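# here you go, sequence then predicted model.
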Amino acid sequence: MVGASLMLFLLLLITRWPVLERAFGQDRLVAWHKKVAPWSIWLIVAHVLLIVTANALEANAAWLAGIGVVVGKYPGIVPAIAGLLAMVAAGLTSWRRLRGRLRHETWWTVHLFTYVGVVLAFFHQVVAGDTFSKGASRTFWVALYALVLGLIVWNRLLVPAVRSARHRLVVTDVVRESDDVVSVWMTGRNLARLRLQPGQFLNFRFRHRGLAYEAHPFSVSAADGDRLRITVKALGDASTALAGIPQGTGVTFEGPYGAMTPARVEGSRYILIAGGVGIGPIVSLAQGLTSHDAVVDVVYRASLPEDLVLTDELRKLETEGTLRLHLLAGPRTIHPLSPEHLSSLLGDFTDATVFVCGPESLNMRVTESARALGVPSSRIHSEVFDL
Ligand SMILES: Cc1cc2nc3c(=O)[nH]c(=O)nc-3n(C[C@H](O)[C@H](O)[C@H](O)COP(=O)(O)OP(=O)(O)OC[C@H]3O[C@@H](n4cnc5c(N)ncnc54)[C@H](O)[C@@H]3O)c2cc1C
């Protein structure tokens, strides 16, 4: 029962329910999902092993024969076993050592079957055993499943389908920013209704060969009326293919998501730190913060000067006097982002809100340094480009 409850909880975390998304941000919700998932699966596996063992002992049969005893004795066990296999497959393919070797699409497809697995396993819970097979407990359990699965269908299927149809996003232009980074401009109808906040991202599915199967998250690096832009680094199949995407390609999307927005600012100064292509949401945040009555610093790290992109826009804001720009190209030995380095670059941090977006190592480094410089954790907001 605890295992199944945890399974519902971890599904709730990824329902994309706006209440949770706004409060915690998707990366944190996904991190909790990853932490809870193994416990749920281990408990469910333990439940199966214990039930089979108990029934084998009771029938004085071999352990494997116990499976037959359970199947014969309780209704709904065969679909439950199929459900268990789907959950175990999702767990195994998410195991760090295995996941690194799999294509993201393969991992995602296996994960999709977990939903089928959860539904298959549900039936034996309400027809077999005593706990949820009758009365108020049964109604409660069915309602819990209906709520979580309803939230998934609503937020992950219906709302995105309606929004995509309503806003009719299409690709209008692809601009090369550096050797391996492009910006993709899209236009749509009534984008203001999306209430997209600077710093947020959407899950885009481009209706083009090789790109339509899976949605990919990209932060919006500029939004201008009914146009929006994403800035994409070529890392794998999909992100590389975007460089050659034709004008007029239709785009469906989920979102907007992300809690790294101007709503999070506190204090008298805002420090925005980007690493690599993490500059996308930071540029849009910087634009969104210029109207605030505070000092805005943008620190932009890259290994090589030619990797720095969107700098014209940042320089323009600097010329207008709305932000101070610190371009840090070069090795980590020169730009360690340590507490000493950051305080010599930016001064006092104690009244700052810090936003950081880049590779996980940079996010961790900046978070540690900001804490050491007296910024409370509640004022440090980060986003990693990996879920
Ligand atoms: C919240 C968020 C915002 C992001 N914003 C940007 C951005 O503005 N610009 C940018 O260049 N990149 C961004 N990314 C990263 C981008 O989503 C991946 O680089 C892209 O999906 C890689 O897909 P691929 O097929 O090219 O590469 P693959 O070789 O398939 O994967 C490369 C890496 O991306 C991850 N990845 C692949 N597909 C997905 C997916 N569908 N969902 C989540 N992760 C995936 C993989 O786990 C792997 O770590 C963002 C990621 C997240 C989670």
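Yep, it's here.
# residues of the stretch 51-200 of the chain that sit close to the ligand?
Within the stretch 51-200 of the chain, the positions near the ligand by Cβ under 6 Å from any ligand atom are His104. Backbone N, C-alpha and C define where each C-beta goes, glycine included.
# now the strands for the stretch 51-200 of the chain?
For the stretch 51-200 of the chain, the strands defined by DSSP state E, counting those that start in this stretch cover 169-178, 181-187.
# not counting its neighbours along the chain, what's nearest whichever residue of the chain sits closest to the ligand?
As assessed by Cβ to the nearest ligand atom, the ligand sits closest to Gly236 within the chain, at 2.0 Å. Among residues not flanking Gly236 along the chain, His104 sits closest, at 7.2 Å (Cβ to Cβ, 6 or more residues apart in numbering).
# ok, now how distant is Val159 from Leu64?
As judged by Cβ to Cβ, to the nearest Å, Val159 and Leu64 stand 46 Å apart.
# output the contacting helices and strands for the lengthiest helix in the chain.
Ordering each helix of the chain by length in residues (DSSP state H) puts helix 26-58 first. Counting contacts by 3 or more Cβ pairs under 8 Å, 6 or more residues apart in numbering; DSSP states H and E, helix 26-58 packs against helix 2-13, helix 63-73, helix 77-94, strand 380-384.
# who does the residue lying closest to Glu360 once chain neighbours are set aside bridge with?
In space, and not counting its chain neighbours, Glu360 is closest to Val384: 5.0 Å by Cβ to Cβ, 6+ apart. Val384 has these beta-bridge partners by DSSP bridges: Gly358.
# surely Val384 is in contact with Val356?
No: if you go by Cβ atoms under 8 Å, Val384 and Val356 don't touch, sitting 9.4 Å apart.
# now for those two: what residues contact both?
Asn363 (Cβ atoms under 8 Å, 6 or more residues apart in numbering).
# the two: who's more crowded?
Val356 (27 against 18; other Cβ atoms under 10 Å).
# now stretch 314-331: average pLDDT?
Mean pLDDT, stretch 314-331: 92.
# can you give me the end-to-end distance of that stretch?
Stretch 314-331 has an end-to-end distance of 22 Å (Cα to Cα, to the nearest Å).
# buried residues, it. List them.
Going by neighbour count (16 or more other Cβ atoms under 10 Å), the buried part of stretch 314-331 is 314, 317-318, 322-323, 325-326, 328.
# so Gly255 sits in a strand?
Yes: using DSSP: H, G, I helix; E, B strand; the rest coil, the assignment for Gly255 is a strand.
# so what's the residue count around it?
23.
# how far away is the residue of the chain most remote from its centre from Gly66?
Taking Cα atoms, centre = their mean, the residue of the chain most remote from its mean C-alpha position is Asn60, at 49.4 Å. From Asn60 across to Gly66, the span is 10 Å (Cβ to Cβ).
# what do you get for Met87?
21 Å.
# one more: Val142?
Per Cβ to Cβ, Val142 is found 29 Å from Gly66.
# and if you look at Pro160?
Using Cβ to Cβ, we find Pro160 at a distance of 45 Å from Gly66.
# okay if I get the buried residues of stretch 314-331 as JSON lines plus secondary structure and distance to Val174?
Output for those, formatted as JSON lines (DSSP: H, G, I helix; E, B strand; the rest coil; distance: Cβ to Cβ, whole Å):
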{"residue": "Leu314", "secondary structure": "helix", "distance to Val174": "21"}
{"residue": "Leu317", "secondary structure": "helix", "distance to Val174": "24"}
{"residue": "Glu318", "secondary structure": "helix", "distance to Val174": "27"}
{"residue": "Thr322", "secondary structure": "coil", "distance to Val174": "28"}
{"residue": "Leu323", "secondary structure": "coil", "distance to Val174": "27"}
{"residue": "Leu325", "secondary structure": "strand", "distance to Val174": "26"}
{"residue": "His326", "secondary structure": "strand", "distance to Val174": "29"}
{"residue": "Leu328", "secondary structure": "strand", "distance to Val174": "28"}
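# which one of the residues you listed is nearest Leu285?
Comparing the buried residues of stretch 314-331 against Leu285 with Cβ to Cβ places Leu323 closest, at 10.5 Å.
# show me what contacts the closest one?
So Leu323 contacts 286, 289-290, 296-298, 314, 317 (Cβ under 8 Å, 6+ apart).
# His124 now?
Contact partners of His124, counting by Cβ under 8 Å, 6+ apart, are 74-77, 79-80.
# what sits closest to it if chain neighbours are left out?
Nearest to His124 is Gly76, by Cβ to Cβ, 6+ apart, at 3.4 Å.
# same question for Phe140.
That would be Phe132: by Cβ to Cβ, 6+ apart, it lies 8.0 Å from Phe140.
# list the buried residues of the longest helix of the chain.
So, applying 16+ other Cβ under 10 Å, buried residues of helix 26-58: 26-30, 33, 36-37, 40-41, 43-44, 48, 51-52, 55-56.
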